[in-house]
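structure here, sequence nowhere to be found:
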């Protein structure tokens with residue numbers, strides 16, 4: 001039996017009070033210095049403090065600061081809501097693709113969809129420093145839970161067993177952040193727990209290929225040390241989370257280091273599938289305020305709560321920013337008003353050729369299919385994904401309807417099915433009949449009544465777009481298929497023109513922030529920037 005998610009969410013907020021604040025950095029640039037919650041020796045003397053310390057590590061993915069709604073930002077010079085992890089990940093992974101445009105003109109935001117960003121882009125810098133802030137949280141936890149320190153603090157018995165599970169989870173969360181660094185930035189600075197706060201030596205640069213090896217080795221190691229799949233408290237990573245990230249890492253290996261790991265993708269997808277996950281019967285319920293309930297599909301979520309984890313990032317951003325125009329914000333979405341930002345493009349709408357597909361849930365009243373003006377919310381269909389309503393139609397827990405309860409899944413079973421099918425079609429040792437069955441299972445849930453008799457790689461890419469829209473995988477998927485920058489696949493305002501155009505291949509990677517290049521002589525800017 002999984003405990004109520006609010007138990008874990010309350011611990012997340014409590015973490016801020018269990019930690020002492022000092023400044024540490026992956027760079028010398030004081031303006032962008034990550035402010036990590038560094039624990040005193042006294043905190044780890046008492047095992048009662050360990051859940052709060054670990055919750056701070058998890059909380060780095062959900063909250064951008066030490067106080068409610070991004071207050072007391074973890075990163076100097078960056079608003080705690082602006083720099084919330086999943087909000088920035090959405091900006092990096094979804095906004096430059098066919099899946100989304102945004103009406104707002106804050107700073108350099110419009111350069112993301114237009115694919116004209118440069119190394120001074122504050123949104124790219126926000127993602128970069130958020131990743132390294134989370135890595136710093138993980139490192140601080142890990143330097144305090146070594147075997148030697150656990151022994152010196154007299155952590156024994158069941159507490160010792162639990163502390164070792166916590167250690168494995170922190171290593172997983174660090175590997176997850178390094179995965180995003182690998183995927184988004186390529187060749188980056190590297191710091192582990194041996195890199196001490198206040199060090200005067202800037203971090204060394206690690207190549208993309210070597211970082212691939214590091215993430216792989218960490219995940220292989222922690223998969224043996226984490227709790228068995230589906231036995232952890234809700235919101236905590238287990239072996240299946242490690243297997244899922246390994247599958248994603250291996251699927252993209254040709255991009256990361258030129259290697260082929262399709263058989264490994266299938267191996268780790270099979271491990272997840274064998275653990276007993278199942279598709280949630282109703283697709284829309286995956287993205288509602290009570291999506292933690294009766295949900296055997298989600299493998300690892302980032303948890304949010306309208307009362308205990310208040311942020312203008314997370315699902316609060318996903319709901320509010322997608323509502324505007326004539327959309328009924330309260331009755332349809334459970335919020336007190338929309339922010340009039342996010343819509344989608346006609347290229348994405350065109351993926352849904354069957355009107356019965358429950359995943360193609362677009363709001364069209366008062367909205368234009370054509371996007372003549374990126375800054376006009378009514379240009380572009382609105383895409384209905386997350387809501388602050390429960391599966392029974394009740395409002396979320398925040399009575400003011402400001403902050404949302406829906407959790408954001410980073411990995412779920414449908415993605416595993418899709419990865420298995422793709423790796424099989426790319427020559428892996430999976431079963432084509434099994435792959436076809438997995439795809440038909442997904443489509444049956446989406447409302448299709450006639451099963452497919454065959455599938456192709458291009459079909460899988462489109463199906464990933466339909467199934468995983470706005471789930472922060474699209475950029476990576478398009479890169480893997482050679483369609484993100486050059487090639488014939490265009491979407492509105494790609495490259496900064498209405499009908500879209502190809503852009504340079506160097507944009508398959510984001511630049512290292514210019515300030516970090518100046519601050520750290522060990523780094524080299526990515527090609528093209």
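Sure thing, it's come through. What you see is a predicted model, and the numbers here were worked out from it, not measured in a lab. Numbering: from 1, shown residues only.

quick check: which element contains residue 411?
Per DSSP states H and E, residue 411 falls inside strand 408-412.

what packs against that strand?
Judged by 3 or more CB pairs under 8 Å, 6 or more residues apart in numbering; DSSP states H and E, strand 408-412 is in contact with helix 239-251, strand 298-302, helix 314-320. Bear in mind the C-beta positions are built from the backbone N, C-alpha and C, glycine included.

got JSON lines for those, with distance to residue 169 and mean neighbour count too?
Shown next, in JSON lines, are those (distance: least, CB to CB, whole Å; neighbours: other CB atoms under 10 Å):
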{"stretch": "helix 239-251", "distance to residue 169": "9", "mean neighbour count": "26"}
{"stretch": "strand 298-302", "distance to residue 169": "11", "mean neighbour count": "22"}
{"stretch": "helix 314-320", "distance to residue 169": "20", "mean neighbour count": "28"}
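
and of these, who's closest to residue 283?
Nearest of those to residue 283, taken as CB to CB: strand 298-302 at 12.7 Å.

ok, the residue nearest to residue 68 when sequence neighbours are not counted - contacts?
With CB to CB, 6 or more residues apart in numbering as the criterion, residue 68 has its nearest non-adjacent residue at 4.6 Å, and that residue is residue 310. Residues touching residue 310, when contacts are defined by CB atoms under 8 Å, 6 or more residues apart in numbering, comprise 68, 69, 316, 398, 402, 403.

next one: residue 123
By CB under 8 Å, 6+ apart, the residues touching residue 123 are 88, 91, 92, 107, 108, 109, 112, 117.

among the residues you listed, which pair sits farthest apart?
For the contacts of residue 123, the maximum inter-member distance is 14.8 Å, found between 92 and 107 (CB to CB).

tell me which of the two has more neighbours.
Ranked by neighbour count (other CB atoms under 10 Å), residue 92 and residue 107 place residue 92 first, with 23 against 11.

still on that earlier bit, between the helices and strands packed on strand 408-412, which one is nearest to residue 482?
Nearest to residue 482, of all these, is helix 239-251, at 14.5 Å by CB to CB.

taking strand 408-412 as reference, get the angle to that closest one.
If you take axes from the mean of the first three to the mean of the last three CA atoms, to 10 degrees, helix 239-251 sits at 70 degrees to strand 408-412.

let me see the ranges of the helices in the stretch 351-500 of the chain.
In order along the chain, the stretch 351-500 of the chain carries the following helices (DSSP state H, counting those that start in this stretch): 413-425, 432-446, 457-467, 474-480.

any low-confidence regions in this structure?
Low-confidence regions of the chain, defined by pLDDT under 70, span residues 1-40, 77.

which helix is the longest one in it?
helix 157-184 (DSSP state H).

show me what contacts residue 526?
For residue 526, the contacting residues are 185, 186, 187, 506, 509, 510, 511, 512, by CB under 8 Å, 6+ apart.

quick one: the helices of the stretch 351-500 of the chain as CSV, columns for mean neighbour count and distance to residue 239 too.
Written out in CSV, the entries for the helices of the stretch 351-500 of the chain read as follows (neighbours: other CB atoms under 10 Å; distance: least, CB to CB, whole Å):
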stretch, mean neighbour count, distance to residue 239
helix 413-425, 25, 13
helix 432-446, 18, 21
helix 457-467, 18, 24
helix 474-480, 21, 23
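
can you list contacts of stretch 157-173?
Counting contacts by CB under 8 Å, 6+ apart, the residues outside stretch 157-173 that touch it are 47, 50, 54, 57-58, 60-61, 134, 138, 141-142, 145, 150, 155, 218-219, 221-222, 225-227, 236-237, 241-242, 245.

list only buried entries from those residues.
Neighbour-count burial (16 or more other CB atoms under 10 Å) is assigned, among the contacts of stretch 157-173, to 47, 50, 54, 57-58, 60-61, 134, 138, 141-142, 145, 150, 155, 218-219, 222, 226-227, 236-237, 241-242, 245.

helices - which of these land there?
Of the positions in the buried ones among the contacts of stretch 157-173, 50, 54, 57-58, 60-61, 134, 138, 141-142, 150, 218-219, 222, 241-242, 245 sit in helices, assigned by DSSP H.

verify the stated contact: residue 253 with residue 215.
No - Residue 253 lies out of contact with residue 215 (CB atoms under 8 Å); the separation is 10.9 Å.

the two: which is more packed in?
residue 215 (24 against 19).

quick one: secondary structure of the more buried one?
Under the three-state scheme (DSSP: H, G, I helix; E, B strand; the rest coil), the conformation of residue 215 reads as helix.

contact partners for it?
If a contact means CB under 8 Å, 6+ apart, then residue 215 has 175, 178, 179, 182, 249 as its contacts.

what about residue 502, distance to residue 62?
When CB to CB, to the nearest Å is applied, the distance between residue 502 and residue 62 equals 37 Å.

higher neighbour count, those two?
Between residue 502 and residue 62, counted using other CB under 10 Å, the more crowded position is residue 62 (26 against 16).

now that one: how far from residue 191?
Applying CB to CB to residue 62 and residue 191 gives a distance of 22 Å.

same question, residue 400
Distance check for residue 400 against residue 191: by CB to CB, it reads 40 Å.

between these two, which one's more packed in?
A direct count of neighbours by other CB under 10 Å for residue 400 and residue 191 places residue 191 higher, at 22 against 8.

my guess is that one meets residue 203, correct?
Yes - between residue 191 and residue 203 a contact is recorded at 4.8 Å, counting by CB under 8 Å.

could you check the distance from the nearest residue to residue 259 once chain neighbours are set aside over to residue 173?
Taking CB to CB, 6+ apart, and ignoring the residues beside it in sequence, residue 259 has residue 253 as its nearest neighbour in space, at 4.7 Å. In this structure, residue 253 and residue 173 are 22 Å apart, going by CB to CB.

again with residue 447
As judged by CB to CB, residue 447 and residue 173 stand 36 Å apart.

residue 323 too?
Applying CB to CB, the value for residue 323 to residue 173 is 31 Å.

again with residue 135
The span separating residue 135 from residue 173 equals 9 Å under the rule CB to CB.

buried stuff in the host helix or strand of residue 270?
Secondary-structure element containing residue 270, defined by DSSP H and E: helix 262-274. Of the residues in helix 262-274, those buried under the neighbour-count criterion (16+ other CB under 10 Å) are 262, 264, 265, 266, 267, 268, 269, 270, 271, 272, 273.

thinking again about what came up before, so which of the contacts of residue 123 is the most crowded?
Of those, with other CB under 10 Å as the count, residue 88 tops at 26 neighbours.

what's the helix or strand it falls within packed up against?
Secondary-structure element containing residue 88, defined by DSSP H and E: helix 85-93. Under the contact criterion of 3+ CB pairs under 8 Å, 6+ apart, helix 85-93 touches helix 50-62, helix 122-143, helix 314-320, helix 474-480.

orientation of the second one relative to helix 50-62 in degrees?
Put plainly, it is helix 122-143. Using the same axes, to 10 degrees: helix 122-143 against helix 50-62 is 160 degrees.

list the contacts for residue 119?
Contacts were defined as CB under 8 Å, 6+ apart; by that measure residue 119 touches 511, 512, 513, 514, 517, 525, 529.

again, only this time at 6 Å
Contacts of residue 119 were listed using CB atoms under 6 Å, 6 or more residues apart in numbering, and they are 511, 514, 529.

residue 450: neighbour count?
Close neighbours of residue 450, defined as other CB under 10 Å, add up to 9.
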